[in-house]
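Undergrad: Just a sequence and a predicted model for now, questions to come.
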Amino acid sequence: MKQFNKFYQQIATNRLDHWLNTLPAQLSHWHDNNLHGDYKHWQKTLDA
């Protein structure tokens, strides 16, 4: 998963810091549900 640590550190120091209450979970959910179109096929091939 794309790492957002630098972004989180940056917003932690400004008026957007309240986003850290929900944004990490939202981005994780988005990533888990919006993988590249062929990802499942590629993963199935690798797992075989």
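TA: Here it is on my side, so go on.

Undergrad: switch to C-alpha atoms for all contacts and neighbour counts from now on
TA: Noted.

Undergrad: And for L35, the neighbour number?
TA: Counted with other C-alpha atoms under 10 Å, residues neighbouring L35 total 11.

Undergrad: gap between it and N21?
TA: Per C-alpha to C-alpha, to the nearest Å, L35 is found 24 Å from N21.

Undergrad: Return the distance of the lengthiest helix in the chain from the chain's centre.
TA: For the chain, the longest helix by residue count, based on DSSP state H, is helix 23-33. Put simply, helix 23-33 sits 5 Å off its chain's centre (C-alpha atoms, centre = their mean, to the nearest Å).

Undergrad: What's the mean pLDDT across it?
TA: Confidence over helix 23-33 (mean pLDDT, whole number) is 87.

Undergrad: Output that helix as CSV, nothing but the C-alphas.
TA: Coordinates of each C-alpha in helix 23-33 appear next as CSV, following Å, rounded to 0.1, in the frame of the first residue of the first chain:
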residue,chain,number,x,y,z
LEU,A,23,-8.1,9.8,7.2
PRO,A,24,-5.8,6.8,7.7
ALA,A,25,-8.7,4.4,8.1
GLN,A,26,-10.4,5.9,5.1
LEU,A,27,-7.3,5.6,2.9
SER,A,28,-6.8,2.0,4.0
HIS,A,29,-10.4,1.2,3.2
TRP,A,30,-10.1,2.9,-0.2
HIS,A,31,-6.9,1.0,-1.0
ASP,A,32,-8.4,-2.3,0.0
ASN,A,33,-11.4,-1.8,-2.2
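
Undergrad: And the next helix or strand past it?
TA: Next helix or strand after helix 23-33 toward the C-terminus (DSSP states H and E): helix 39-47.

Undergrad: which residues touch that following helix?
TA: By C-alpha atoms under 8 Å, 6 or more residues apart in numbering, no surrounding residue is in contact with helix 39-47.

Undergrad: Thanks a lot, catch you later.
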